[in-house]
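Asker: attaching a predicted model along with its sequence, questions to come.
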Amino acid sequence: MTVQAIGATHLDVAGVPTALIDVAPRVPPDPGRSHPPVLLLHGSGPGVTAAANWRPVIPAFSEDRRVLAPDQLGFGGTATGEPRTFGRTAWTEHALALLDTLGVGIVDIVGNSMGGAVALSIAKARPQAVRSIVLMGSMGVAMALPPGLNTVWGY
């Protein structure tokens, strides 16, 4: 698979049209080893998408793992323009609904920045669904948003 060949499909997740990169493993899984899917959660910022955050690493992850990389609620192909309340609770509920929609019971999660905070919230809300988490430049404690970050996220 080439980096350029990765594209998103769309599916309904709890009433939200959701862009999702869903890549099957290129090598059949070894029946003697457990290989849960890898859920890749992107960070925030203007123009961010799952493809922009994860395209370079999806080929390596998908060598022997199913890879799930959604555009999170309000970002990229999942930005519907409808008025919504955004924040960690909404992003967590959307990610959990995605797993339910796909029938995925357990995942390993890689979260970048905001995606790391969502990963932690997923683990708290449904610990049996998370085998492991890798956080990159993440946040995890409640804090007031600085005005500039609030403006960017509100965009």
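Answerer: In hand now; what should we look at?

Asker: tally of neighbours for the closest residue to Ser113 other than its chain neighbours?
Answerer: Leaving aside its sequence neighbours, Ser113 sits nearest to Gly43 (Cβ to Cβ, 6 or more residues apart in numbering; 3.1 Å). C-beta coordinates here come from the backbone N, C-alpha and C atoms, glycine included. Applying other Cβ atoms under 10 Å, we find 21 residues neighbouring Gly43.

Asker: next, give phi and psi for the closest residue to Asp108 other than its chain neighbours.
Answerer: Using Cβ to Cβ, 6+ apart and skipping residues adjacent in sequence, the residue nearest Asp108 is Ser132, 4.7 Å away. Dihedral angles of Ser132 (phi, psi; degrees, to the nearest 10) stand at phi -160, psi 160.

Asker: how far away is Ser132 from Pro46?
Answerer: Using Cβ to Cβ, to the nearest Å, Ser132 is found at 30 Å from Pro46.

Asker: and Ala14, what does it touch?
Answerer: Glu93, His94, Ala97, Thr101 (Cβ atoms under 8 Å, 6 or more residues apart in numbering).

Asker: okay, and the helix or strand of this protein with the least pLDDT?
Answerer: Between all helices and strands in the chain, the lowest mean by mean pLDDT, DSSP states H and E belongs to helix 147-154, at a mean of 75.

Asker: what does it contact?
Answerer: Contacts for helix 147-154 (Cβ under 8 Å, 6+ apart): Ser44, Gly45, Pro46, Phe86, Leu145.

Asker: Gly103 - how many residues pack around it?
Answerer: 6.

Asker: state the pLDDT value of it.
Answerer: Per-residue confidence at Gly103 stands at 97 (pLDDT).

Asker: and what of the one 4 residues further on?
Answerer: Per-residue confidence at Val107 stands at 98 (pLDDT).

Asker: quick check: bridge partners of it?
Answerer: Val130 (DSSP bridges).

Asker: might one say that it is in contact with Ser34?
Answerer: No - contact criterion Cβ atoms under 8 Å: Val107 and Ser34 do not qualify, at 11.7 Å.

Asker: quick one, which of the two is more surrounded?
Answerer: It is Val107, of Val107 and Ser34, that has more neighbours when counted by other Cβ under 10 Å, with 25 against 9.

Asker: can you list contacts of the longest helix along the chain?
Answerer: The longest helix of the chain (DSSP state H) is helix 88-102. Helix 88-102 has contacts (Cβ under 8 Å, 6+ apart) with 11-14, 16, 18, 20, 22, 39, 41, 68, 70, 72-73, 78, 84, 105, 107, 114, 117-118, 121-122, 125-126, 129.
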